[in-house]
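K.L.:
I would like the atomic coordinates for the input below:
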Amino acid sequence: MKRVLYPGSFDPITKGHMNIIEEASYLFDEVIVGILENSMKKNKMFTLEERLEMIDELYKNSNNIIVISSTQSAVDVALEYECQAIVRGIRNICDYDYEITLQDINRELSNDKIKTVCLFAKKEYQHISSTLVKELLRLEKDPSNYIDPLIKEKIFLKRRKNNE
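P.N.:
Here you go, the predicted model:
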């Protein structure tokens, strides 16, 4: 069985992320979507638990997509779940440069057990990022083109709750 990890903070998950998950689920027997805590990102919209709940709901009917959360590093999660590789999405040349460095580090940390597989999102999703979605929301613009309706609903419920 070929099992891969698709790690990310997914705060919030976008249609671009979902496209990579679905592509990976077509190529591999099992995709572990690893919602990881990224200490570098300070502007958090959802807690780790909230992200897990939302993404789990998105993929509840998928046979080969498993959603987990962790505070460990991606390579440690990949090793723990006996993954053969880490899947990464690439949108542009900046992502590519970053991913080259990351894959070198992950190979070293895993004693060459974990490979990196890069997938490209469909053209219409290549410009989407969680940061873009957050900025649209800050500007009070509609993010519907970039996120699933379930995620949009959860965002607006959370904003309403925070404003009460």
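
K.L.:
any residues touching the host helix or strand of E23, and which ones?
P.N.:
Taking DSSP states H and E as the criterion, the element that holds E23 is helix 15-27. Counting by Cβ atoms under 8 Å, 6 or more residues apart in numbering, helix 15-27 makes contact with 4, 6, 8, 10, 31, 33, 58-59, 62, 64-65, 87, 89, 91, 117, 119, 121-122, 125-126, 128-130, 145-148, all of which sit outside it. Placement of C-beta: from N, CA and C, glycine included.

K.L.:
Type out the ChimeraX command that picks the buried ones from those.
P.N.:
One line in ChimeraX is enough to select the buried ones among the contacts of helix 15-27; burial here means 16 or more other Cβ atoms under 10 Å:
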select :4,6,8,10,31,33,58,59,65,87,89,91,119,121,125,126,128,129,130,146,147,148
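
K.L.:
Of the contacts of helix 15-27, which belong to strands?
P.N.:
With DSSP state E as the criterion, strands contain V4, Y6, G8, V31, V33, I65, V87, G89, V117, L119 from among the contacts of helix 15-27.

K.L.:
Sort out which one of those lies nearest E108 for me.
P.N.:
Within those, the smallest distance to E108 is 17.4 Å, found for V117 (Cβ to Cβ).
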